[in-house]
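Q: need coordinates for the following:
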Amino acid sequence: MFGDPQRETLATTYDKLRVRATELFADTWPLIRTGKIAASPQQGNGSYHRVKDKEPWWLLLPNGYDTPVEIIQDMGAEQAASATFWNKYDEEIAAMKPPPQSK
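A: Numbering: from 1, shown residues only. Alright, predicted model coming up:
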């Protein structure tokens with residue numbers, strides 16, 4: 001759906017998502033309005049985000065909304081690799097600790 005990660009940016013993918021969401025609503029609204037789609041309760045509490053929630057991440061984006069998707073993918077891969085490393089490190093350190101002595 002999003003094409004070439006080297007050419008697509010956060011802005012272009014957001015535009016595509018917005019267009020598709022509008023199309024989905026337009027296609028579905030008549031069925032909702034006439035009761036042909038049954039309502040179902042929302043699962044969980046849902047979520048919301050404030051503009052200030054993005055601030056720590058915004059500084060990592062070299063071109064803001066024009067940052068290529070490929071860079072975001074690379075950032076995610078680096079984060080996953082780092083998390084894997086530190087989880088393994090924590091497990092190894094925990095394995096080296098002597099068991100607690102009973103009194």
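Q: who are the neighbours of the longest helix seen in the chain, in terms of helices and strands?
A: In the chain, with assignment by DSSP state H, the single longest helix is helix 69-96. Contact partners of helix 69-96 among helices and strands, from 3 or more C-beta pairs under 8 Å, 6 or more residues apart in numbering; DSSP states H and E: helix 10-33. All C-beta spots, glycine's among them, are computed from the backbone N, C-alpha and C.
Q: pull the CA atoms of the helix or strand following the helix it packs on into CSV?
A: Next helix or strand after helix 10-33 toward the C-terminus (DSSP states H and E): helix 55-58. Extracted C-alpha coordinates of helix 55-58, given in CSV (Å, rounded to 0.1, in the frame of the first residue of the first chain):
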residue,chain,number,x,y,z
GLU,A,55,8.0,15.9,20.9
PRO,A,56,10.7,13.4,22.1
TRP,A,57,10.4,11.5,18.8
TRP,A,58,10.2,14.5,16.6
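Q: quick one: residue 17 and residue 45, what's the gap?
A: 23 Å (C-beta to C-beta, to the nearest Å).
Q: more neighbours: which of the two?
A: Higher neighbour count among residue 17 and residue 45: residue 17, with 12 against 6, using other C-beta atoms under 10 Å.
Q: now do the more buried one against residue 36, distance only.
A: 26 Å.
Q: may I see the buried residues of the longest helix of the chain?
A: Within helix 69-96, the residues that qualify as buried are 69, 71, 72, counting by 16 or more other C-beta atoms under 10 Å.
Q: list the residues that contact the last one.
A: With contacts taken as C-beta atoms under 8 Å, 6 or more residues apart in numbering, residue 72 has the following neighbours: 10, 61.
Q: what residue ranges in the chain score low on pLDDT?
A: Scanning the chain for pLDDT under 70 picks out the ranges 1-2, 103.
Q: which residue is nearest the middle of it?
A: What sits nearest the mean C-alpha location of the chain, by C-alpha atoms, centre = their mean, is residue 76, with 9.6 Å.
Q: how much space between that one and residue 44?
A: Computed as C-beta to C-beta, the residue 76 to residue 44 distance reads 24 Å.
Q: next: residue 17.
A: Taking C-beta to C-beta as the measure, residue 17 falls 22 Å from residue 44.
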